[in-house]
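Here you go, sequence then predicted model.
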Amino acid sequence: METEIKELKKENRTSHMEYMEGMEVLDSDVQERVIVAMNAYDYDKYTAKDVKAALAHTECTVEDFAALLSPAALPFIEEIAVRAQEETRKHFGNSIYMFTPLYIANYCENYCIYCGFNCHNKIKRARLDEEQIEKEMAAIAKTGLQEILILTGESRKMSDVKYIGEACKIARKYFKVIGLEVYPMNSDEYAYLHECGADYVTVFQETYDSDKYETLHLAGHKRVFPYRFGAQERAIRGGMRGVGFAALLGLSDFRKDAFATGYHAYLLQRKYPHAEIAFSCPRLRPIINNEKINPKDVHETQLLQVIMAYRIFMPFASITISTRECERVRNNVIKIAATKISAGVSVGIGEHIEDNDNVGDAQFEISDGRDVDEVYRAIEEQGLQPVMSDYIYV
Amino acid sequence: MSEVVKNEDKLVIGGKEFSSRFILGSGKYSLDLIKAAVEHAGAQMITLALRRANQGGMANILDYIPEGVTLLPNTSGARNAEEAVRIARLSREVGCGEFVKIEIMRDSKYLLPDNEETIKATEILAKEGFIVMPYMYPDLNVARDLKEAGAASIMPLAAPIGSNKGLCTKEFIQILIDEIDLPIIVDAGIGAPSQACEAMEMGAAAVMANTAIATAGDVPVMAEAMRLAIEAGRKAYLAGLGRVMEKGGSASSPLTGFLRD
Amino acid sequence: MEIVVNGETTECEEIITLEALVGKLGYQKNRIAAEVNGEIVTKSEYENFILKPADKLEIVSFVGGG
């Protein structure tokens, strides 16, 4: 370490449970309920009997979900896959939705020790201006995609709400569905971005274990655990059509994190029945300047177990399979449980057009570099139907 | 035995605990049979209706109901929210507690409840401190609105009232059980103990029955049969119904064969 | 004077409280509820509630029902 980072010492860090100025505080019991349930979740107490019972039920209860996430479910991975596939086909038919993420800026004010964008990581920073955003989007739209996910690093200074709003307005010209993966904000800001054209908001909680969270997110607004937790609820109140949930599997106890992710989505779905629910299932990946970061005990089998448990618990939810996973895994997971897949992915800044010097480094290493046509064909080869968008605006 | 079966399994409505999950109706049979019916049913809650009082010391149903049984006056006769509210307020004034079952019908043939008016009445009465148990046609959106309006339970009908036709609306009641965080009490249309048992196996919090008992050959004995069926269904639900159905031979190319690390 | 009780015209004294009328007609006070001209009168008010000519009374009690 060349320069001393003061937050590496615990006594120099701010309280991660206290809101910072300007952060909207929701009157909601969802966080309390999720944390209590997660703390009470003892996955070792579940047995083969519980897993079999979960598979026998037509409606998956919270307890069934807990059993499906437990180690006792591992010997039943094939039976669970059969059930997950049934649920997926029942709710989605053969459709697999395609999209691509577009990183428009990678400036970040947070210090999250596992993330390539973190403010102390020496990477090349960039922020596309409106003209460059338009060029990138035009290039992406030419591939036939109709859904885009706009991402920024988490810097309110370098990527303010207005800037993101302008990107949404441009995106509306080229795409039918617009998702956002940006820093958490207040409900009035979500309402503004919805007006600008955004449909979905995804926020990764990373880990639901607040003590662990504190040791990973050392500085910046992301350090505030409850503000991040409330992002989906604020987005729904701001009028967004759908919200996405994720724990970054491997950061902490992945079974507890997956349980909390599912239960968080479950409670919000019950509270706001009109909201569309989506899951992402990222595992830790190596980043620039730190290749040692890895998903630890979340092997492919465990990852699949989590994805399938989400599917059976919330059979109507959209599940995205990340480019963090390789072609083999992605091709197979869409056969079983995932319903959305990215293609033509670049996680760096400004890489979709050639005559651009304003490029920034990537957030993590991707494992599947296939372009849109390749992914399209791969979906068809599985006997599935690639869908660019099934939205009708009313 | 698991914790939940061993421990006291209580039905809680409006903060009041009940160990019985059988709500007994008191219509269509003689007052003399009410005590025996309540006792054989093990019921802790009984429904009543409000009507113009008879002059001159005639027998009153309250004199026949054993002590300690919670009274659940209904608003039968109401054709809209306003009338239901009026009947509920009068019922409370008789002095038998805060519970009220909202029943609003503007259909005299099938006596199907008017969901829209029921939501309105629920909202008004919940605000006035009543413990509101609305009878309704099983519709998920309406059930959500009723919860929002302050209902203490939801009482979906199984079949047209008095029809004894059983769980005609089964799939829709199941949706309410799965989605609504309130006791779902199956009301109207339950004609036989086997049907009450099935409702409880599905996860209903309680069953309300009247005609099935009132029209039986032996009222107290049928009340007992219904109690046993409700208890059996509840135990089956708590015990966890269901076994893994054998799927036949295993697939030639398993779905999970791709897994490597 | 004449008043209307449950839809029936009833003859009674010129000055009479609700308490007295209920007793006279043989109702058990703890088994009924009463409305006068559409407004509920609570039981504690019966003693001091003086009826007027042509008042419309509704007196109700519980019966069997589902």
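Received it, and whenever you're ready, just let me know what you need. Residues are numbered from 1 along each chain as shown, chains lettered A, B, ... in the order given.

What residues does chain A have near chain B?
Residues of chain A lying near chain B by CB under 8 Å from any CB of the partner chain: A:52-53, A:55-57, A:59, A:77-79, A:81-82, A:85, A:270, A:273, A:299-301, A:304, A:328-329, A:331-332, A:335-336. Quick note: C-beta positions are derived from backbone N, CA and C, even for glycine.

ok, now with 6 Å
By CB under 6 Å from any CB of the partner chain, the residues of chain A that approach chain B are A:52-53, A:55-57, A:59, A:77-78, A:81, A:299-301, A:328, A:332, A:336.

Restricted to helices, list the residues you listed.
Judged by DSSP state H, the subset of these located in helices is A:52-53, A:55-56, A:77-78, A:81, A:300-301, A:328, A:332, A:336.

quick revisit: can you turn the buried subset of the residues of chain A next to chain B into a selection I can paste into PyMOL?
Buried residues within these, by 16 or more other CB atoms under 10 Å in any protein chain shown, are selected in PyMOL with:
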select buried, chain A and resi 52+53+55+77+81+300+332+336
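
What is the nearest of the residues of chain A next to chain B to A:K124?
Lowest distance from A:K124 to the residues of chain A next to chain B (CB to CB) belongs to A:R328, with 31.2 Å.

Give the closest residue to the closest one in space, chain neighbours not counted.
In space, and not counting its chain neighbours, A:R328 is closest to B:F258: 5.9 Å by CB to CB, 6 or more residues apart in numbering or on different chains.

Isn't that neighbour up against A:N332?
Yes - counting by CB atoms under 6 Å, B:F258 touches A:N332, with 4.1 Å between them.

So the nearest residue to B:L48 once chain neighbours are set aside, which state does it fall into?
Spatially, and ignoring its direct neighbours in sequence, B:L48 is nearest to C:F62 (4.2 Å; CB to CB, 6+ apart). What DSSP: H, G, I helix; E, B strand; the rest coil gives for C:F62 is strand.

for A:K173, helix, strand, or coil?
Going by three-state DSSP: A:K173 is helix.

what about it, how many neighbours?
11 (other CB atoms under 10 Å in any protein chain shown).

ok, and the closest non-adjacent residue to the closest residue to chain C within chain B?
Here chain B gets closest to chain C at one residue, B:A49, 2.6 Å apart by CB to the nearest CB. Using CB to CB, 6+ apart and skipping the chain neighbours, the partner closest in space to B:A49 is C:G65 (2.6 Å).

State the distance from the one you found to chain A.
34 Å (CB to the nearest CB, to the nearest Å).

can you pull the contacts of that residue?
Applying CB atoms under 6 Å, 6 or more residues apart in numbering or on different chains to C:G65 gives the contacts B:27, B:47-49, B:74, B:76.

So which of those sit within strands?
Among the contacts of C:G65, the ones falling in strands (DSSP state E) are B:47-49.

And the residue nearest the centre of chain A, what's its pLDDT?
Computing the C-alpha centroid of chain A and ranking residues by CA atoms, centre = their mean puts A:S280 first, at 4.2 Å. On the pLDDT scale, A:S280 is placed at 95.

wait, isn't it in contact with A:S318?
No - using CB under 6 Å as the test, A:S280 is too far from A:S318 to be in contact (9.4 Å).

in chain C, which spans are strands?
C:2-5, C:8-11, C:32-36, C:39-41, C:56-64.

tilt between the third one and strand C:56-64?
Meaning strand C:32-36. 160 degrees (axes from the mean of the first three to the mean of the last three CA atoms, to 10 degrees).

and B:R92, which of the strands of chain C is closest to it?
Per CB to CB, nearest to B:R92 of these: strand C:32-36, 8.0 Å.

for the record, mean pLDDT for that closest one?
The model assigns strand C:32-36 a mean pLDDT of 95.

In CSV, list the C-alpha atoms belonging to it.
Extracted C-alpha coordinates of strand C:32-36, given in CSV (Å, rounded to 0.1, in the frame of the first residue of the first chain):
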residue,chain,number,x,y,z
ILE,C,32,-81.7,-4.9,22.7
ALA,C,33,-80.4,-1.9,20.9
ALA,C,34,-82.6,1.1,20.0
GLU,C,35,-82.6,3.8,17.3
VAL,C,36,-84.8,6.9,17.5
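
For the residue in the stretch 201-350 of chain A positioned nearest to chain B, give me its contacts.
Among the residues of the stretch 201-350 of chain A, A:N332 lies closest to chain B, at 4.1 Å counting by CB to the nearest CB. Counting by CB under 6 Å, 6+ apart, A:N332 touches B:F258.

can you pull out the strands in the chain?
In the absence of a named chain, this looks at chain A. Taking DSSP E, the strands of chain A run over residues A:95-105, A:111-112, A:147-152, A:177-181, A:200-206, A:217-219, A:242-247, A:276-280, A:318-321, A:340-342, A:385-387.

meant chain B, my bad for not saying
Assigned by DSSP E, chain B shows strands spanning B:11-13, B:16-18, B:22-24, B:45-52, B:70-73, B:99-102, B:131-136, B:155-156, B:185-187, B:206-209.

Dump these to CSV, plus mean pLDDT and mean neighbour count.
As requested, the strands of chain B are exported to CSV (pLDDT from 0 to 100; neighbours: other CB atoms under 10 Å in any protein chain shown):
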stretch, mean pLDDT, mean neighbour count
strand B:11-13, 96, 18
strand B:16-18, 95, 15
strand B:22-24, 95, 29
strand B:45-52, 93, 22
strand B:70-73, 96, 22
strand B:99-102, 97, 28
strand B:131-136, 98, 27
strand B:155-156, 97, 27
strand B:185-187, 96, 29
strand B:206-209, 96, 28
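
Export those strands to JSON lines and append columns for distance to A:G250.
Formatted as JSON lines, these follow (distance: least, CB to CB, whole Å):
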{"stretch": "strand B:11-13", "distance to A:G250": "41"}
{"stretch": "strand B:16-18", "distance to A:G250": "45"}
{"stretch": "strand B:22-24", "distance to A:G250": "51"}
{"stretch": "strand B:45-52", "distance to A:G250": "52"}
{"stretch": "strand B:70-73", "distance to A:G250": "54"}
{"stretch": "strand B:99-102", "distance to A:G250": "52"}
{"stretch": "strand B:131-136", "distance to A:G250": "47"}
{"stretch": "strand B:155-156", "distance to A:G250": "45"}
{"stretch": "strand B:185-187", "distance to A:G250": "46"}
{"stretch": "strand B:206-209", "distance to A:G250": "46"}
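
which parts of chain A sit against chain C?
So chain A never meets chain C (CB under 6 Å from any CB).

how near is C:F49 to chain B?
From C:F49 to chain B the distance is 14 Å (CB to the nearest CB).

nope, A:A171 is what I was after
Distance of A:A171 to chain B, given as CB to the nearest CB: 33 Å.

Please give the number of neighbouring residues around the closest residue to that residue other than its chain neighbours.
Taking CB to CB, 6+ apart, and ignoring the residues beside it in sequence, A:A171 has A:I178 as its nearest neighbour in space, at 4.9 Å. A count of nearby residues for A:I178, using other CB under 10 Å, gives 24.

Check A:K162 too.
A count of nearby residues for A:K162, using other CB under 10 Å, gives 12.

Identify the residues contacting A:M23.
Contact analysis of A:M23 by CB under 6 Å, 6+ apart lists A:Y227.
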